[in-house]
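Asks: no sequence for this one, just the structure:
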């Protein structure tokens with residue numbers, strides 16, 4: 001007799017929501033079975049995943065969960081957590097690429113990660129690559145699971161199995177081998193697996209549905225007026241050290257625009273006085289800060305681990321107190337573009353473990369709550385529009401915060417130009433059309449473009465901007481767009497991606513012409 005068999009969408013919705021932490025209701029388009037669990041013995045159950053086409057025996061007391069898009073299956077039992085990913089391949093990557101690149105970020109950090117095994121091994125399912133490592137326990141994570149076992153194997157059908165286990169105790173390899181010995185990847189797969197789909201955005205005239213009840217009136221009003229009720233798109237700009245210069249006023253004159261939102265990038269090597277200056281300058285000019293807090297890898301050490309063991313609590317609490325004292329509504333991005341391997345907090349740099357990012361997000365959020373900063377903070381969850389590497393363990397849904405801990409879904413993609421041989425010129429529509437459709441299918445949050453731009457190197461930048469301005473207004477869920485007014489340089493210090501809004505000057509004139517005619521001016 002089958003213990004659990006998911007047959008209908010209503011049951012599946014409850015299971016997905018229960019494990020994801022979301023509070024909203026979702027509707028499924030498909031009724032295919034996604035998994036079933038069958039008793040095997042007093043100690044084991046057989047788990048069948050019909051999305052990825054495999055089965056495996058698991059301890060009878062295992063709690064089973066999925067991410068929102070069912071890219072990952074997770075089992076929790078005792079002090080152990082197991083994640084399973086089945087990776088399909090595409091023309092850019094084969095199995096050897098997947099194996100090498102998946103472990104490259106982990107191997108780059110031998111200071112934080114203590115390796116006890118990294119090589120081929122004859123396992124219960126044949127020859128595979130096994131990595132075993134540990135790191136120091138992090139006090140900021142309850143029952144921190146700091147001992148890791150990662151197995152990567154090429155399956156007979158050409159796909160790859162990534163079997164990840166972590167535990168607060170020493171890894172019980174005998175138990176994992178028993179599980180692996182029952183692994184079978186020859187099950188049939190559903191043609192169209194269940195995909196979580198959000199409802200249409202609905203807010204009452206006050207925007208109460210997703211408004212944080214702890215917000216002060218100014219913060220709530222900003223959220224409601226700009227992100228819920230507004231029928232126009234507001235603009236922002238990144239201008240380095242804008243609180244010390246007249247650059248923004250100059251750019252507003254050149255473009256005929258009112259840049260309402262300003263980006264501040266902040267790290268744990270910055271001075272917190274900068275945050276106060278940025279907020280005060282924004283308030284004096286009737287603008288608002290998009291406060292972006294990032295961690296780095298310094299001296300070969302990943303700073304995110306230091307944060308999670310309490311090493312920067314004084315710094316974080318000082319930030320929170322500044323926000324509370326200034327009492328000016330502020331957007332906050334905690335560790336944006338986490339699905340990009342250039343970020344220290346990407347799973348690529350933390351042993352393929354996106355839980356580290358989630359712990360960091362919650363850690364900062366909790367301190368902001370304790371210090372009384374959250375009444376003035378609007379949280380923006382902002383993955384990169386494309387995952388690098390584009391593997392399942394690094395997809396956006398692996399990092400998604402609890403639904404009541406973010407208020408806006410951030411979008412980020414650039415037309416990077418053609419300076420580098422592997423890059424190409426891309427229209428706004430080709431960048432943001434698919435990204436927008438994906439976001440509205442998964443999130444019932446307002447959207448904003450947290451940063452974007454077009455490079456001057458490649459084709460006709462003013463033509464690109466003119467087309468962008470004609471296209472962007474049709475994306476009515478995008479409420480704010482922020483232009484990144486900066487330059488990315490290559491390893492020799494040469495301009496590689498020139499994103500300046502007034503380079504060439506004709507590009508600024510495109511904005512001025514457009515907004516002089518716009519009914520939304």
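Replies: Received the coordinates, thanks. Keep in mind that this is a model prediction, so the values were computed, not measured.
Asks: List of residues touching the helix or strand hosting residue 463?
Replies: Residue 463 belongs to helix 461-472 when assigned by DSSP states H and E. Residues from elsewhere that reach helix 461-472 (C-beta atoms under 8 Å, 6 or more residues apart in numbering): 233, 415, 425, 427-429, 432, 454-455, 478, 481, 503-504, 506-507, 509-511, 514. Yep, even glycine has a C-beta here, placed from its N, CA and C like the rest.
Asks: In helices only, show me those.
Replies: The members of these that map onto helices under DSSP state H are 428-429, 432, 506-507, 509-511, 514.
Asks: Dump the residues you listed to a markdown table, plus neighbour count, pLDDT and distance to residue 242.
Replies: What follows is those, written out as a markdown table (neighbours: other C-beta atoms under 10 Å; pLDDT from 0 to 100; distance: C-beta to C-beta, whole Å):
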| residue | neighbour count | pLDDT | distance to residue 242 |
| --- | --- | --- | --- |
| 428 | 20 | 98 | 25 |
| 429 | 16 | 98 | 30 |
| 432 | 24 | 98 | 25 |
| 506 | 14 | 98 | 24 |
| 507 | 22 | 98 | 19 |
| 509 | 16 | 98 | 22 |
| 510 | 20 | 98 | 22 |
| 511 | 24 | 97 | 18 |
| 514 | 20 | 95 | 23 |
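Asks: would you turn the residues you listed into a markdown table with distance to residue 345?
Replies: As requested, these are exported to a markdown table (distance: C-beta to C-beta, whole Å):
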| residue | distance to residue 345 |
| --- | --- |
| 428 | 28 |
| 429 | 31 |
| 432 | 25 |
| 506 | 39 |
| 507 | 33 |
| 509 | 39 |
| 510 | 36 |
| 511 | 34 |
| 514 | 37 |
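Asks: Nearest to residue 446 among those residues?
Replies: Of all the ones in helices among the contacts of helix 461-472, residue 432 has the smallest distance to residue 446: 15.4 Å, by C-beta to C-beta.
Asks: Could you check the pLDDT of the closest residue to the closest one other than its chain neighbours?
Replies: Leaving aside its sequence neighbours, residue 432 sits nearest to residue 413 (C-beta to C-beta, 6 or more residues apart in numbering; 6.4 Å). At residue 413, the pLDDT value in this model is 98.
Asks: I figured residue 413 was touching residue 433, is that so?
Replies: No - assessed by C-beta atoms under 8 Å, residue 413 is found out of contact with residue 433, at 10.5 Å.
Asks: So those two - more neighbours on which side?
Replies: When neighbours are counted by other C-beta atoms under 10 Å, residue 413 and residue 433 differ, and residue 413 comes out ahead with 18 against 14.
Asks: Who are the contact partners of the more buried one?
Replies: Neighbour list for residue 413: 384-386, 431-432, 435, 452 [criterion: C-beta under 8 Å, 6+ apart].
Asks: Please convert the buried members of the residues you listed into PyMOL selection syntax.
Replies: With 16 or more other C-beta atoms under 10 Å as the criterion, this PyMOL line picks the buried residues out of these:
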select buried, resi 384+385+431+432+435+452
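Asks: Domains in this protein, by residue range?
Replies: Domain segmentation of the chain under automatic domain parsing yields 4-181, 213-517.
Asks: mind checking how far the shortest one is from the chain centre?
Replies: Chain-centre distance of domain 4-181: 19 Å, with C-alpha atoms, centre = their mean, to the nearest Å.
Asks: Beta-bridge partners for residue 64, please?
Replies: Applying DSSP bridges to residue 64 gives these bridge partners: residue 75.
Asks: Need phi/psi at the most centrally placed residue in the chain.
Replies: Centroid check for the chain by C-alpha atoms, centre = their mean gives residue 383 as the closest residue, at 3.3 Å. When read as degrees, to the nearest 10, the backbone of residue 383 gives phi -70, psi 160.
Asks: got the phi/psi numbers for the nearest residue in space to it that is not next to it in sequence?
Replies: Once flanking residues are discounted, residue 383 sits nearest to residue 396: 4.1 Å by C-beta to C-beta, 6+ apart. Dihedral pair for residue 396: phi -50, psi -40, per degrees, to the nearest 10.
Asks: do residue 162 as well
Replies: Dihedral angles (degrees, to the nearest 10) for residue 162: phi -120, psi 110.
Asks: residues near it, how many?
Replies: Neighbours of residue 162 under the rule other C-beta under 10 Å: 21.
Asks: Local confidence estimate at it?
Replies: 98.
Asks: isn't it right up against residue 149?
Replies: No - with contacts counted by C-beta under 8 Å, residue 162 stays clear of residue 149, the gap being 11.4 Å.
Asks: can you list contacts of the helix or strand hosting residue 174?
Replies: Per DSSP H and E: residue 174 is located in helix 173-181. With C-beta under 8 Å, 6+ apart as the test, helix 173-181 has contacts from 56-59, 80, 82, 123-125, 149, 151, 163, 165.
Asks: picking that back up, between the contacts of residue 413, which is closest to residue 276?
Replies: Comparing the contacts of residue 413 against residue 276 with C-beta to C-beta places residue 452 closest, at 27.6 Å.
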